[in-house]
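Student: Could you work out the structure for the sequence below:
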Amino acid sequence: MKLLELIKKRYSVRDFLPTPIEQEKLAYLMECVRMAPSAVNLQPWLFSIITDKKRLTALHNVYQKDWIKSAPCIIAACVNHDVSWHRKSDNKDHGDIDVAIAVEHLCLAAAEQDIGSCWVCNFDVKTCKEILQLPPQIEPVVLIPLGYPSDYTIPEKKRKNINEIIL
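Tutor: Now for the predicted structure:
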């Protein structure tokens with residue numbers, strides 16, 4: 001499959017089958033994450049793969065949308081701010097950017113494996129940190145619910161025209 005075809009195949013899934021994701025597929029996704037580039041190759045990310053019912057239920061409290069409860073797996077993508085690269089001219093922390101690159105590797109790899117995903121950034125970070133028992137320098141950046149879509153009908157993507165995005 002060509003990259004553009006894969007990109008078009010990936011969409012935000014919000015209804016999953018209860019079927020667990022096979023461990024070898026989760027391992028493949030994480031290998032794709034591991035290969036993502038990062039600023040100065042510092043790789044300031046940590047990923048928590050949540051599949052057990054108790055922790056999944058706890059995570060449902062950090063994002064108040066019912067659809068997330070259908071995901072048999074949630075991956076919490078975190079950044080270690082003590083490791084992330086900071087631009088010298090203004091001290092901008094690039095950790096969130098690095099995590100975003102790795103997460104998109106994850107989402108594209110998931111789509112390749114016919115696994116649905118969705119970016120969730122609007123969640124209760126403090127409660128999430130408590131559930132995952134993260135130390136102060138580790139911040140959860142995004143939650144990625146994963147699972148086999150209940151309906152694999154790829155919706156039409158509304159995107160700006162190419163001349164609207166090029167300066």
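
Student: so what secondary structure elements neighbour the longest strand along the chain?
Tutor: Taking DSSP state E as the assignment, the strand of the chain that covers the most residues is strand 138-147. Packing partners of strand 138-147 (3 or more C-beta pairs under 8 Å, 6 or more residues apart in numbering; DSSP states H and E): strand 73-80, helix 95-112, strand 116-117, helix 125-132. Glycine gets a C-beta too; all of them are placed from N, C-alpha and C.

Student: okay, the ones you listed, which one's buried deepest?
Tutor: Most buried of these by mean neighbour count (mean count of other C-beta atoms under 10 Å) is strand 116-117; its value is a mean of 26.

Student: who does that strand touch, helix- and strand-wise?
Tutor: helix 95-112, strand 138-147.

Student: Helix, strand, or coil at Ser48?
Tutor: At Ser48 the chain is in strand, as set by DSSP: H, G, I helix; E, B strand; the rest coil.

Student: is it true that Lys69 lies in a strand?
Tutor: No - per three-state DSSP, Lys69 lies outside any strand segment and is helix.

Student: That one - how many residues pack around it?
Tutor: Neighbour count of Lys69, defined by other C-beta atoms under 10 Å: 13.

Student: State the distance from the spatially closest residue to it that is not a sequence neighbour to His81.
Tutor: Distances taken as C-beta to C-beta, 6 or more residues apart in numbering put His60 closest to Lys69, at 5.5 Å, once the chain neighbours are dropped. Going from His60 to His81 by C-beta to C-beta, to the nearest Å gives 26 Å.

Student: what about dumping the CA coordinates of stretch 56-73 to CSV?
Tutor: Listed next in CSV are the C-alpha coordinates belonging to stretch 56-73 (Å, rounded to 0.1, in the frame of the first residue of the first chain):
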residue,chain,number,x,y,z
LEU,A,56,-9.6,1.0,31.3
THR,A,57,-12.6,1.8,33.5
ALA,A,58,-10.5,4.2,35.6
LEU,A,59,-9.3,6.0,32.4
HIS,A,60,-13.0,6.4,31.3
ASN,A,61,-13.2,9.0,34.2
VAL,A,62,-10.6,11.3,32.5
TYR,A,63,-12.6,11.7,29.3
GLN,A,64,-16.4,12.0,29.6
LYS,A,65,-17.5,10.6,26.3
ASP,A,66,-19.3,7.3,26.2
TRP,A,67,-17.8,6.1,23.0
ILE,A,68,-14.3,5.6,24.6
LYS,A,69,-15.8,2.8,26.7
SER,A,70,-16.0,0.6,23.6
ALA,A,71,-12.2,0.6,23.1
PRO,A,72,-10.5,-2.6,24.3
CYS,A,73,-7.2,-0.8,24.5
